[in-house]
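# here's my sequence, what's the structure:
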Amino acid sequence: MPRNNLMRFILCSATVSLALSTGGAAQACSDLPNICEQQRLHWEQMNDIGAAREAINREEMERNFTPPPLQHSAPPYDPMQERLNQAVGILQLVALSAEKVDHLTKDPRFQRYHNGGWDFFQDKNNAAPGEYCAAFFWKKDGFVRVSGPGGNYQGALLTFWGKDIPRPKKVQKIKATLSQSSGPPQTVQVFNYTQPGEPYGAISFSVPTIEMALDEMKDIESFDVSIEGKSVAKVEWHSGLAARDQLRYCVNTRTKK
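Predicted coordinates:
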């Protein structure tokens with residue numbers, strides 16, 4: 001297959017992962033977004049149970065009974081959500097302290113905000129070697145991640161976050177246009193979702209395999225995602241070849257079956 005640009009691979013396979021709607025709980029929400037919906041419903045149920053318990057406890061207190069202590073389960077650690085929240089936090093700090101930006105220049109997060117940079121991680125707790133590999137680039141208000149594979153899903157995803165991306169209550173399929181510096185814009189169906197606790201909406205374009213995504217990563221690449229003609233996310237990464245090598249190293253640690 002000719003290696004002309006990543007977008008072509010994405011568009012020709014945009015419906016492949018949309019059919020994968022039966023993934024188990026072992027799959028990372030960020031690598032197969034329909035799992036986000038399962039997690040969202042789970043946490044809604046847990047919140048409902050917690051609210052019901054609190055109501056019962058209030059009634060017991062009114063009757064002078066001492067209620068038993070409740071055991072609250074903390075949400076599972078989410079590496080991607082932690083990084084996104086850190087990025088959004090410094091964005092908000094910069095906005096609030098625009099007249100005092102000089103005070104922020106010594107903050108490492110501000111350097112990442114200003115110059116842009118990559119994070120590399122496995123986007124699932126206790127992931128097996130080579131699974132859920134992720135490379136996340138952030139610069140100012142631009143966020144993009146290349147990730148995959150994981151669990152039964154052997155593809156890869158190119159995911160964008162932005163304050164103008166819709167934040168649906170449930171994962172949905174919408175049409176979005178991806179423009180990038182290495183090829184003409186094209187419009188396809190994509191995943192649109194919001195993970196619990198994340199302040200921005202997300203859009204994911206699917207790629208048949210992580211190898212295709214890695215082969216097409218360029219050192220400098222710019223992206224613009226739009227919905228119905230309106231731009232909702234823009235980002236330009238640098239050091240893409242070094243990021244590709246880091247991501248490939250993670251993927252190559254997979255145990256051969």
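# what residues does stretch 110-120 touch?
83, 87, 90-91, 94, 104-105, 133-140, 142, 236-239, 242-243, 246-247, 250 (Cβ atoms under 8 Å, 6 or more residues apart in numbering). Bear in mind the C-beta positions are built from the backbone N, C-alpha and C, glycine included.
# out of these, which end up buried?
In these, burial by neighbour count holds for 83, 87, 90-91, 94, 104, 133-140, 142, 236-238, 243, 246-247, 250, counting by 16 or more other Cβ atoms under 10 Å.
# just the residues you listed: which are in strands?
133, 134, 135, 136, 137, 138, 139, 142, 236, 237 (DSSP state E).
# is it possible to get a markdown table of those that adds pLDDT and distance to residue 165?
What follows is those, written out as a markdown table (pLDDT from 0 to 100; distance: Cβ to Cβ, whole Å):
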| residue | pLDDT | distance to residue 165 |
| --- | --- | --- |
| 133 | 96 | 24 |
| 134 | 96 | 19 |
| 135 | 97 | 20 |
| 136 | 95 | 16 |
| 137 | 96 | 16 |
| 138 | 93 | 15 |
| 139 | 92 | 17 |
| 142 | 92 | 12 |
| 236 | 96 | 17 |
| 237 | 97 | 18 |
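# and those residues as a markdown table, adding distance to residue 178?
Shown next, in a markdown table, are these (distance: Cβ to Cβ, whole Å):
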| residue | distance to residue 178 |
| --- | --- |
| 133 | 22 |
| 134 | 19 |
| 135 | 18 |
| 136 | 18 |
| 137 | 16 |
| 138 | 19 |
| 139 | 18 |
| 142 | 14 |
| 236 | 14 |
| 237 | 14 |
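# and these, which two are furthest apart?
For these, the maximum inter-member distance is 22.4 Å, found between 133 and 236 (Cβ to Cβ).
# who does residue 225 form a beta bridge with?
Here residue 225 sits in beta bridges with residue 178, residue 233, as judged by DSSP bridges.
# in terms of contact, does it touch residue 202 like I think?
No: if you go by Cβ atoms under 8 Å, residue 225 and residue 202 don't touch, sitting 10.4 Å apart.
# what is in contact with the two at once?
By Cβ under 8 Å, 6+ apart, residue 225 and residue 202 have these common neighbours: 160, 165.
# got any ranges where the stretch 101-250 of the chain has weak pLDDT?
For the stretch 101-250 of the chain, the stretches flagged by pLDDT under 70 are 101-106.
# okay, helices next: where are they in it?
For the stretch 101-250 of the chain, the helices defined by DSSP state H, counting those that start in this stretch cover 108-115, 210-215, 240-251.
# and the last one, what does it pack onto?
Okay, so that is helix 240-251. Other helices and strands packing on helix 240-251, by 3 or more Cβ pairs under 8 Å, 6 or more residues apart in numbering; DSSP states H and E, are strand 117-122, strand 133-139, helix 210-215.
# ok, residues contacting that helix?
Outside helix 240-251, the residues that reach it (Cβ under 8 Å, 6+ apart) are 118, 120, 122, 130, 133-135, 137, 146, 149, 210-211, 214, 217-221, 237.
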